[in-house]
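Q: with the input below, show me the fold.
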Amino acid sequence: MQIDILTLFPEMFSGVFGQSILQKATEKSAVHYNVVNFREYADNKHSTVDDYPYGGGAGMVLQPQPIFDAVTALKEQANSKKQPRVILLCPQGERYGQKKAEELAKEEHLIFICGHYEGYDERIREHVVTDEISIGDYVLTGGELGAMVVVDSVVRLLPEVLGNQESHMKDSFSTGLLEHPHYTRPADFRGLKVPDVLLSGNHKLIEEWRNKEALRRTLLRRPDLFENIQLTSEQEKWLKEVKKDYE
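A: Have a look, this model is predicted:
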């Protein structure tokens, strides 16, 4: 996968891609990162990329020319028949979730546009961008942190990036439910014991316990998630058993 990031503050990404899973993805040739200062594409002598909004108002607006030209150049450099997904990070975008991460992980080329100031010229949205993404209902100084979040969540889904390919398949939200609790050694820590079933060696009972606990955690913490989940008949039965504990 090719990931290009257009930003006015490339220093913010310094070191980000050289750590943890993001670095391992590079070492395994699963991804190539390219951070570009789109100010370099400004066609005026002062390298200006923003201007006052027509009609008046507070703040400055990013001009279309630098971003149009930067995206065109990146597409030409990629020399791919398949068009990239061009992602705008903004508060008005689609609320980001695991399903979107899984969708983007299937692409060959992603271009992220990180804005600053009051906003973007609307022609950027209408004629350059394929996706608008928001990582939450709050406003950040710019799109850089949002881009980092999306990149991290996408890259870890690429084939062979995680040591165990089943790891992300059972993550919270990948199944539609929150993930079950985890335990490790020691089995008894200061009197706090690991559930007996996890020490039983009975894989069928362990899997059933994990499914029930995932349902329990979702019921207690994010019951809204059940609105978009099609539970199996077995999960329906387990959920009824879990609900009895709170009647």
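
Q: confidence score at the residue of the chain most remote from its centre?
A: Distance from the C-alpha centroid of the chain peaks at residue 191, with 38.2 Å (C-alpha atoms, centre = their mean). pLDDT recorded at residue 191 is 97.

Q: which is the next helix or strand following the longest strand along the chain?
A: As assigned by DSSP state E, the longest strand anywhere in the chain is strand 85-95. Later in the chain than strand 85-95, the nearest helix or strand by DSSP states H and E is helix 98-104.

Q: average pLDDT for that next one?
A: 96.

Q: quick check: buried residues in that helix?
A: By neighbour count on 16 or more other C-beta atoms under 10 Å, the buried set for helix 98-104 is 98, 100-101, 104. Every C-beta, even on glycine, is put in place using the N, C-alpha and C of the backbone.

Q: ok, back up a step: check contacts around the residue farthest from the centre of the chain.
A: By C-beta atoms under 8 Å, 6 or more residues apart in numbering, no residues touch residue 191.

Q: adjacent strands (with direction) for the lowest-mean-pLDDT helix or strand in the chain?
A: Using mean pLDDT, DSSP states H and E, the weakest-scoring helix or strand in the chain turns out to be strand 119-120, at a mean of 92. Sheet pairing for strand 119-120, assigned by DSSP bridges, gives strand 61-62 (parallel).

Q: closest one of the buried residues of helix 98-104 to residue 211?
A: Of all the buried residues of helix 98-104, residue 211 sits closest to residue 98, with 18.3 Å by C-beta to C-beta.
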